[in-house]
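[1] Would you be able to build a 3D model of this:
(one chain, ligands or ions: 2)
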Amino acid sequence: MEIAVFGAGSLGSLLGGLLAREHDVTLVGRDPHVRAIEERGLRISGAIDATVYPAARLDAPDAADLAIVCVKAFDTPAAAAELADCDLDACLSVQNGMGNETVLAERLDAPVLAGTCSYGALRPAPGEVRCTGVGEIVLGPRTGGASPLADRVGTAFDRAEVVTSVADNMPTRLWEKLAVNAGINATTALARIDNGSVLDGDAWSVAAAAARETAAVARREGIEISDAAAEGAVRRVAEATAENTSSMHQDVLADRRTEVDAINGFIAERASERGVDAPINRTLAWLVRAWESGQGVR
Ligand SMILES: NC(=O)C1=CN([C@@H]2O[C@H](COP(=O)(O)OP(=O)(O)OC[C@H]3O[C@@H](n4cnc5c(N)ncnc54)[C@H](OP(=O)(O)O)[C@@H]3O)[C@@H](O)[C@H]2O)C=CC1
Ligand SMILES: CC(C)(CO)C(=O)C(=O)O
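    Numbers count the residues shown, from 1 in each chain. Ligands and ions are numbered 1, 2, ... in the order given. Down below sits the predicted model:
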């Protein structure tokens with residue numbers, strides 16, 4: 001399969017690098033990372049060890065069987081605009097936050113698949129990516145149901161030994177992942193704690209409430225997630241990634257813009273449209289945005 005990975009940052013480099021073991025992969029990213037890959041290939045270290053030689057470039061190729069979008073949520077409109085000129089059979093988002101697939105579907109002619117990812121990735125230096133945890137890609141049609149296209153992508157990922165499940169309930173999967181990110185990301189970023197520390201005391205009160213609010217909004221959208229299931233998902237992921245610094249915590253430590261608009265901001269906005277009270281997500285979004293404004297990264 002010809003695969004273009006749009007956004008060769010941490011996750012895009014890891015996923016694209018793993019897929020390059022079996023497929024014809026082009027990584028679309030920035031210099032000096034792109035130049036380093038062209039010169040020396042991509043070194044994957046950590047939980048997986050490999051050196052691979054995907055193509056790398058600064059803009060989208062003219063055509064691909066599949067484009068995988070791996071930019072931060074606030075860059076999705078720009079990615080969609082660039083991919084609109086690319087001849088694609090399919091597009092897959094594996095980003096965090098809600099709304100990415102809708103933005104892509106509005107701009108692209110190709111069908112858009114939804115995905116969630118629990119692999120962990122960091123980019124220590126140009127031409128290098130570290131796998132900080134082997135997880136799973138879950139993918140499927142963005143509105144749910146089965147599709148031969150999703151099966152084909154799942155099979156291609158399996159062949160490259162990327163742990164993958166094809167799901168017929170992606171809307172539910174996306175809301176569950178949103179509850180996890182709503183509970184963990186802003187809480188850890190604002191309190192400057194690792195993921196495992198949300199399991200305790202005041203941090204748990206915030207994280208659990210953010211997850212319950214997410215479930216309440218999901219139910220108004222017709223997605224059946226119980227409060228207990230949302231809280232349980234946060235607890236499981238916080239335990240499994242206890243030593244991790246969440247992506248939003250990393251962004252705050254590096255003075256970078258965060259994905260808060262697509263996580264807590266999305267939930268607060270959807271809650272107000274649906275007449276649900278979501279004071280914890282609203283406050284988390286306000287605080288993280290206030291920090292971003294203060295840093296001049298918004
Ligand atoms: N990293 C991880 O372990 C995981 C990440 N995710 C999600 O995956 C998504 C990506 O995360 P992550 O990889 O960490 O983010 P990164 O910021 O590391 O990667 C995104 C990359 O895309 C580049 N980019 C953005 N716009 C363009 C463009 N127009 N052309 C070329 N390159 C572009 C960025 O460059 P620049 O910064 O210079 O704009 C950056 O290098 C997020 O939604 C995240 O929440 C999900 C699960 C795990
Ligand atoms: C699952 C979790 C919380 C792992 O850190 C994550 O997705 C993130 O940090 O964005």
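[2] Strands of the protein, residue ranges please.
    Residue ranges of the strands in the chain, as given by DSSP state E, are 2-6, 24-28, 42-46, 50-52, 55-57, 63-69, 87-93, 112-117, 120-122, 128-133, 137-141, 164-166.
[3] wait, I3 sits on E22?
    No - using Cβ atoms under 8 Å, I3 makes no contact with E22, being 9.8 Å away. Every C-beta, even on glycine, is put in place using the N, C-alpha and C of the backbone.
[4] Can you name the residues of the stretch 51-200 of the chain that neighbour ligand 2?
    N96, V180, N181, I184, N185, N195 (Cβ under 6 Å from any ligand atom).
[5] tell me, how many neighbours does V297 end up with?
    Using other Cβ atoms under 10 Å, V297 has 14 neighbouring residues.
[6] Could you pull up the residues touching the nearest residue to it once chain neighbours are set aside?
    Ranked by Cβ to Cβ, 6 or more residues apart in numbering and with sequence neighbours excluded, the top spatial neighbour of V297 is R257, at 4.5 Å. Going by Cβ atoms under 8 Å, 6 or more residues apart in numbering, R257 touches K72, F74, D251, E292, V297, R298.
[7] Then S45?
    If you count contacts by Cβ under 8 Å, 6+ apart, S45 has them with E128, V129, R130, C131.
[8] Buried among the contacts of R257? Need that as a selection in ChimeraX.
    Buried subset of the contacts of R257, written as a ChimeraX selection, criterion 16 or more other Cβ atoms under 10 Å:
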select :72,251,292
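[9] Filtering the contacts of R257 by proximity to ligand 1, which remain?
    Okay, of the contacts of R257 touching ligand 1 (Cβ under 6 Å from any ligand atom), that's K72.
[10] Go through the contacts of R257 and say which is closest to A90.
    K72 (21.5 Å; Cβ to Cβ).
[11] touching ligand 2 at all, stretch 283-291?
    No - taking Cβ under 6 Å from any ligand atom as the criterion, stretch 283-291 and ligand 2 are apart, separated by no less than 13.1 Å.
[12] quick one: contacts for the residue lying closest to E82 once chain neighbours are set aside?
    Distances taken as Cβ to Cβ, 6+ apart put A60 closest to E82, at 4.8 Å, once the chain neighbours are dropped. The contact partners of A60, by Cβ under 8 Å, 6+ apart, come to A4, F6, V28, A67, E82, L83, D85, C86.
[13] Now tabulate those in CSV and tack on distance to I267, pLDDT and neighbour count.
    Output for those, formatted as CSV (distance: Cβ to Cβ, whole Å; pLDDT from 0 to 100; neighbours: other Cβ atoms under 10 Å):
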residue, distance to I267, pLDDT, neighbour count
A4, 31, 98, 26
F6, 26, 98, 30
V28, 30, 98, 29
A67, 27, 98, 30
E82, 28, 98, 16
L83, 27, 98, 22
D85, 33, 95, 9
C86, 32, 98, 20
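[14] one step back: ligand 1 versus the residue nearest to E82, what's the distance?
    Distance, A60 to ligand 1, using Cβ to the nearest ligand atom, to the nearest Å: 8 Å.
[15] tell me the pLDDT at the residue nearest to V297?
    For R257, the pLDDT comes out at 98.
[16] same thing with A20?
    98.
[17] Can you report how many residues neighbour it?
    Neighbours of A20 using other Cβ under 10 Å come to 23.
[18] need the helix or strand of this structure with the lowest average pLDDT.
    Every helix and strand in the chain was compared by mean pLDDT, DSSP states H and E; the lowest is strand 120-122, with a mean of 91.
[19] tell me what that strand is packed against?
    Contacts defined by 3 or more Cβ pairs under 8 Å, 6 or more residues apart in numbering; DSSP states H and E place strand 120-122 against helix 10-19, strand 128-133.
[20] which one of those is the most hemmed in?
    Most buried of these by mean neighbour count (mean count of other Cβ atoms under 10 Å) is helix 10-19; its value is a mean of 27.
[21] Other residues contacting it?
    By Cβ under 8 Å, 6+ apart, helix 10-19 touches 3, 5-6, 8, 25, 27, 29, 33, 42, 44, 48, 50, 52, 54, 68, 70-71, 94, 117, 119, 121-123, 129, 131, 137, 156-157, 160-162.
[22] does the least confident helix or strand of the chain come close to ligand 1?
    Yes - shown here: strand 120-122 in contact with ligand 1 (Cβ under 6 Å from any ligand atom) through G120, A121.
[23] so how far is that strand off the chain centroid?
    Put simply, strand 120-122 sits 11 Å off its chain's centre (Cα atoms, centre = their mean, to the nearest Å).
[24] Report the strands that pair with it, each with its relative direction.
    Using DSSP bridges, strand 120-122 pairs in its sheet with strand 128-133 (antiparallel).
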